[in-house]
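Participant: got a structure for you, letters missing:
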């Protein structure tokens, strides 16, 4: 079993404020439940997930109907700081599943599939990518940031399996990579000229991207896995995403 940390600390002061005026994005309602509830429900129903810790607005989260395997802790800043909070609380965990609270279409099957792709969990960091055709087949209206690599066209997912012992090693450049995740070209500039040239010529492979990112993160052992579940990558960042997800939830 793997324990999960749900990152729910983002204040609702961006484009999604058009959809709801609640204090935090995780609390934005989608039909009968808030965004974070869909994510937590999927985790709790996954076969391989044990405890679920939510980092965010604890007073508001306390009013939501989570079960006894769920706990909360207050946000301490940005993504990396909140990951640190989660790792300190779940200090006995060998691996932690990190999940953002903005993927409300997440399913238990998608979670279990990702963890199965991680196999023996011998890596320090596992991160998923999803092929464009897989996303568009199920969610044709989804607007995602895609990267064209030698093997195909991919977008990133929002689940990460982390070895807690490498967290401090990843901190320095990890923040830069997170801030540039929606801008492939800007991220490539950080990764080097040769990397940029291969990216622009669509000659860059998944393995090369994996190795470069791992070097930037202090030489950790990172592994890219290809998920067949688009739900791990369809996040809600703007009103268009909100409408797409709301329609999908009502349809189901």
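Facilitator: In hand now; what should we look at? In this text, all values refer to a predicted model and were calculated from it rather than measured experimentally.
Participant: For the stretch 151-252 of the chain, just list every one of the helices.
Facilitator: Taking DSSP state H, counting those that start in this stretch as the test, the helices found in the stretch 151-252 of the chain are 167-179, 184-191, 193-200, 206-216, 239-251.
Participant: which of the residues in the fourth one are buried?
Facilitator: Along helix 206-216, the positions that meet the burial threshold by neighbour count (16 or more other CB atoms under 10 Å) are 206, 208-210, 212-214, 216. For the C-beta atoms, the positions are set from N, CA and C on the backbone; glycine is no exception.
Participant: would you turn those into TSV with distance to residue 106 and pLDDT?
Facilitator: Rendered in TSV, the data for the buried residues of helix 206-216 read as follows (distance: CB to CB, whole Å; pLDDT from 0 to 100):
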residue	distance to residue 106	pLDDT
206	23	90
208	29	88
209	24	84
210	23	86
212	28	80
213	23	78
214	26	82
216	27	77
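Participant: List just the nearest of the residues you listed to residue 101.
Facilitator: Sorting these by how near they are to residue 101, with CB to CB, puts residue 213 at the top with 23.5 Å.
Participant: Is the residue nearest to the closest one when sequence neighbours are not counted bridged to anything, and to what?
Facilitator: In this structure, residue 213 finds its nearest non-sequential neighbour in residue 222, 6.1 Å apart by CB to CB, 6 or more residues apart in numbering. For residue 222, the beta-bridge partners under DSSP bridges are residue 125.
Participant: Would you check that residue 222 makes contact with residue 118?
Facilitator: No. Residue 222 is beyond contact range of residue 118, at 11.4 Å (criterion: CB atoms under 8 Å).
Participant: These two - which one has more neighbours?
Facilitator: It is residue 222, of residue 222 and residue 118, that has more neighbours when counted by other CB atoms under 10 Å, with 23 against 19.
Participant: Looking at residue 175 now. What's its pLDDT?
Facilitator: Residue 175 carries a pLDDT score of 63 in this model.
Participant: Just want the phi and psi numbers for residue 9.
Facilitator: Comment: the main-chain dihedrals of residue 9 come out as phi -100, psi 0, following degrees, to the nearest 10.
Participant: ditto for the one 10 residues further on
Facilitator: For residue 19, the backbone dihedrals are phi -90, psi -30 (criterion: degrees, to the nearest 10).
Participant: And for residue 64?
Facilitator: Residue 64 has phi and psi values of phi -90, psi 150 when expressed as degrees, to the nearest 10.
Participant: do the same with the one 10 residues further on
Facilitator: Summarising the backbone geometry of residue 74 under the convention degrees, to the nearest 10, its torsions are phi -70, psi 150.
Participant: what's the burial count for it?
Facilitator: 13.
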